[in-house]
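Q: Structural data only, the sequence is not supplied:
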């Protein structure tokens, strides 16, 4: 199994790191300690961006050399919070964080996924009453195959994973963050995910 670095040790990063470790992966979590992200990214084959989307681009561009040739799995959404702390506006309207990352890091294979759900669903998709969808966006087919395998180790069934195409499709899934505050205000923080009815 590939070595994985998780950048960000908040609810999202911590949840992913714990689940990936339980699944048998070798995982290193980079906290905010100076140099931690650089060290973790340097030794990993797969790097997961679970940092707050508002600052992700600057943080990851600073790791350009460490990320060269790696798969960068971006699960963050770049949104500005409203007065209640919930997402209110997109930082990159007409684009996406994933596109910005791929443009800034051309020698890194960026794959966007797991960003259309509350964080508990990322590692426990079968707990919902209906099958969720995990969407993939990215330019590199082999990188997306690797990420599919990663998702499978977290409990995602093959039929629950939808490849949307190139990295430009990430702007659609990232825009879905604007659903989140309305769903939360309506139903509370119960886990949910966007899915396609077929």
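A: Sure, I can see it. Values in this document were obtained by computation on a predicted structure and should not be read as measured data.
Q: quick one: contacts of the helix or strand of the chain at the bottom of the mean pLDDT ranking?
A: Ranked by mean pLDDT, DSSP states H and E, the weakest helix or strand in the chain is helix 180-187, scoring a mean of 92. Applying Cβ atoms under 8 Å, 6 or more residues apart in numbering, the contact partners of helix 180-187 are 82, 84, 86-88, 118, 192. Yep, even glycine has a C-beta here, placed from its N, CA and C like the rest.
Q: Also stretch 24-35?
A: 1-9, 13-14, 17, 20-21, 36-37, 39-41, 43-44, 153.
Q: picking up where we left off before, write the PyMOL selection for whichever of the contacts of helix 180-187 are buried.
A: Entered in PyMOL, the line below selects the buried ones among these, by 16 or more other Cβ atoms under 10 Å:
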select buried, resi 87+118+192
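Q: what bits of the protein have low per-residue confidence?
A: Applying pLDDT under 70 to the chain flags no residue at all.
Q: Grab the most central residue of it for me.
A: Taking Cα atoms, centre = their mean, the centroid of the chain lies closest to residue 75, which sits 1.1 Å from it.
Q: now the spatially closest residue to that residue that is not a sequence neighbour, what's its secondary structure?
A: Distance criterion Cβ to Cβ, 6 or more residues apart in numbering; nearest residue to residue 75, sequence neighbours excluded, is residue 114 at 4.5 Å. With DSSP: H, G, I helix; E, B strand; the rest coil as the basis, residue 114 sits in coil.
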